[in-house]
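> show me how the following folds:
(one chain, ligands or ions: 2)
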Amino acid sequence: MFQVNFLEQYCKGCGLCVHFCPKNIIVLAQYTNDQGYNPATINDMTKCTGCALCARMCPHVVIEIVEGGAA
Ligand code: SF4
Ligand code: SF4
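Ligands and ions are numbered 1, 2, ... in the order given. Coordinates of the predicted model:
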């Protein structure tokens, strides 16, 4: 089980992580962050494989993958 954390306040809503996630579980939220962008978020964490493609793609280093999730 993995936990994907987004530093939402730094997300620019570019959608790169949405596009590259092989499991298609990242979406842009309906709300906007303090910068006025729709931040990326996960819609089904149970499907995440921890591949970290999203984290590597993000130009703003917004995404952190943590193994284990909530204990
Ligand atoms: S770690 Fe991989 S499967 Fe999980 S959200 Fe990121 S790109 Fe998708
Ligand atoms: S790649 Fe980074 S900046 Fe772009 S939407 Fe995803 S988390 Fe936000």
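
> from here on, contacts and neighbour counts on C-alpha atoms
Fine.

> what residues does the protein have near ligand 1?
The interface of the chain toward ligand 1, taken as Cα under 6 Å from any ligand atom, is made up of 21-23, 48-54.

> tell me if stretch 8-20 is near ligand 2.
Yes - using Cα under 6 Å from any ligand atom, stretch 8-20 reaches ligand 2 at 11-17.

> which of those residues are buried?
11-15, 17 (16 or more other Cα atoms under 10 Å).

> how long is stretch 36-52 end to end?
End-to-end distance for stretch 36-52, by Cα to Cα, to the nearest Å: 26 Å.

> residue numbering should commence at 52 henceforth.
Sure, I'll start counting at 52 from here, so that last one is stretch 87-103.

> which other residues reach it?
Applying Cα atoms under 8 Å, 6 or more residues apart in numbering, the contact partners of stretch 87-103 are 52-55, 57, 59-60, 62-64, 66, 68-69, 74, 76-84, 116, 118.
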